[in-house]
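Visitor: Take this sequence and fold it.
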Amino acid sequence: MCYFLYGAVNKGVNRKDYDEVFRGTSYHFNIGTKHDVKMSVLENTDDFRITDGCCDCSTAIGQHEPNHEEIRELCDLLDEMRLIRDIKCVYISKNWVGRINKREERYHIDDIDIAEFLSDIKENCLYCIDLYERYC
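Guide: Down below sits the predicted model:
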């Protein structure tokens, strides 16, 4: 049995910007909805897995190591995602195979220390991180 990382960015993003941001990264967040991610977890499909490995048991995500290189890489990617036109949010979850998300939490990227957040995410929780720019 293994852990898997799932995720998506909201529908309607600028595809050219999206392709540019994700070129050459080791993570990929397909374009989809919260429901798409939930169904991928429920049906145990690879459609919304964000990594290519056979599993994500050795991931630094959720392992309380905010300075780990893997966490820093994902932090940089999330920051760069903010440049994608029409992006609103990114969904991410870490699930034990066969376990569905039991709860959902939502945060704005400006309100969290993203490295601490990623290193402390809980399993079986679907997180939504809002990426849009706030206007005061």
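
Visitor: Please make it C-alpha for all contacts and neighbour counts, starting now.
Guide: OK.

Visitor: And residue 57, how far from residue 4?
Guide: Using C-alpha to C-alpha, to the nearest Å, residue 57 is found at 7 Å from residue 4.

Visitor: who has more neighbours, the two?
Guide: It is residue 4, of residue 57 and residue 4, that has more neighbours when counted by other C-alpha atoms under 10 Å, with 25 against 16.

Visitor: Where is the longest helix in the chain?
Guide: When the chain is parsed with DSSP state H, its longest helix is helix 69-81.

Visitor: which of the residues in that one are buried?
Guide: Going by neighbour count (16 or more other C-alpha atoms under 10 Å), the buried part of helix 69-81 is 70, 71, 72, 74, 75, 77, 78, 81.

Visitor: For residue 21, which three-state class applies?
Guide: Per DSSP: H, G, I helix; E, B strand; the rest coil, the local secondary structure of residue 21 is helix.

Visitor: Please verify my assumption that it contacts residue 81.
Guide: Yes - the criterion here is C-alpha atoms under 8 Å, and residue 21 meets it with residue 81 at 6.5 Å.

Visitor: Name the residues contacting each of these two.
Guide: Counting by C-alpha atoms under 8 Å, 6 or more residues apart in numbering, residue 21 and residue 81 have no contacts in common.

Visitor: so where's the protein shaky on pLDDT?
Guide: Residues of the chain that meet the criterion pLDDT under 70 lie in 136.

Visitor: which residue packs closest to the residue nearest the centre of it, ignoring adjacent ones?
Guide: In the chain, the centroid-proximal residue (C-alpha atoms, centre = their mean) is residue 92; its distance is 3.2 Å. Nearest non-adjacent residue to residue 92, counting by C-alpha to C-alpha, 6 or more residues apart in numbering: residue 7, 4.2 Å away.

Visitor: hang on, the one you found packs against residue 93?
Guide: Yes - using C-alpha under 8 Å, residue 7 is in contact with residue 93, at 6.4 Å.

Visitor: Give me the more crowded residue out of the two.
Guide: Between residue 7 and residue 93, residue 7 has the larger neighbour count (other C-alpha under 10 Å), namely 30 against 27.
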